[in-house]
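Asker: Please work out how this folds:
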Amino acid sequence: MTDVSLHGDIGFVLVVHHQRDGLVVEKIYYALRNSDGTWQEPDHLSGGLAGIDPQVARDVQGELHGETMKSISDAESLIYTGRFSIDDGYESIRFLEVLTAPWTDHIEVVDRGRPDVSVTLKSAPHMLSILVTFPEERLLLRTGSDGSVIHFDGAGVVADDDPGKL
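Answerer: So this is what the prediction gives:
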């Protein structure tokens, strides 16, 4: 398991592993937590060849081209969240895979949808992380005050390379 993203009783897991043929593969799963705290059997959402080995610092630095963070995958899935009775509890969820520089230990996540502009720190123990948004969420991701910036919301990634903007 490379990274986890929890949203209440919904969990997303990013798994990166080497296949027998040596190729690096990434897969995303999600699961719902039961009322007793146990997790349901996970469902596979997506996956494919990673292109680089996100555990090799030299490969990651080459892919980042001097930046501290880069979006490498942005996808959307219709999943059962059970949050609303509308559409039988299914919602379109976006997930983003972010590659970070080897020295990055966390990603700052700014919830732009909240009036108090709440900032949380998402641990980045590996150089590949997963972030997830529900349709109503608008996030700004950054790696420190002078690092890379990514705008990510229910509609996807919005390109903005100006670290001074919120």
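Asker: now the helices: where do they sit in the chain?
Answerer: For the chain, the helices defined by DSSP state H cover 57-64.
Asker: Could you pull out the strands in the chain for me?
Answerer: 3-7, 10-18, 24-32, 43-49, 69-80, 90-100, 106-111, 118-123, 128-133, 138-142, 149-153, 156-158 (DSSP state E).
Asker: Within the sheet, what are the partner strands of the second one, with directions?
Answerer: Next to strand 10-18 in the sheet, as set by DSSP bridges, lie strand 3-7 (antiparallel), strand 24-32 (antiparallel).
Asker: Now do residue 163, the pLDDT please.
Answerer: You'll see residue 163 listed with a pLDDT of 42.
Asker: Averaged over its residues, which helix or strand of the chain has the lowest pLDDT?
Answerer: Using mean pLDDT, DSSP states H and E, strand 156-158 stands out as the lowest-scoring helix or strand of the chain, at a mean of 68.
Asker: For residue 56, which of the strands of the chain is the nearest?
Answerer: Among those, the nearest to residue 56 by C-beta to C-beta is strand 24-32 (9.2 Å). To be clear about C-beta, it is placed using only N, CA and C from the backbone, and glycine gets the same treatment.
Asker: got the contact list for the closest residue to residue 77 other than its chain neighbours?
Answerer: Nearest residue to residue 77, sequence neighbours excluded (C-beta to C-beta, 6 or more residues apart in numbering): residue 45, at 5.0 Å. Contact partners of residue 45, counting by C-beta atoms under 8 Å, 6 or more residues apart in numbering, are 12, 28, 29, 30, 75, 77, 79, 95.
Asker: Identify the bridge partners of the closest residue to the fourth one other than its chain neighbours.
Answerer: Across the structure, with C-beta to C-beta, 6+ apart as the measure, the residue nearest residue 30 apart from its sequence neighbours is residue 12 (4.9 Å). Beta-bridge pairing of residue 12 under DSSP bridges involves residue 5, residue 30.
Asker: How about the contacts made by residue 12?
Answerer: Residues in contact with residue 12 (C-beta under 8 Å, 6+ apart) are 4, 5, 6, 28, 29, 30, 45, 95, 130, 132.
Asker: Go through stretch 125-142 and flag the buried ones.
Answerer: Using 16 or more other C-beta atoms under 10 Å as the burial criterion, the residues of stretch 125-142 that qualify are 126-134, 137-142.
Asker: Which one of the residues you listed is nearest to residue 151?
Answerer: residue 140 (5.7 Å).
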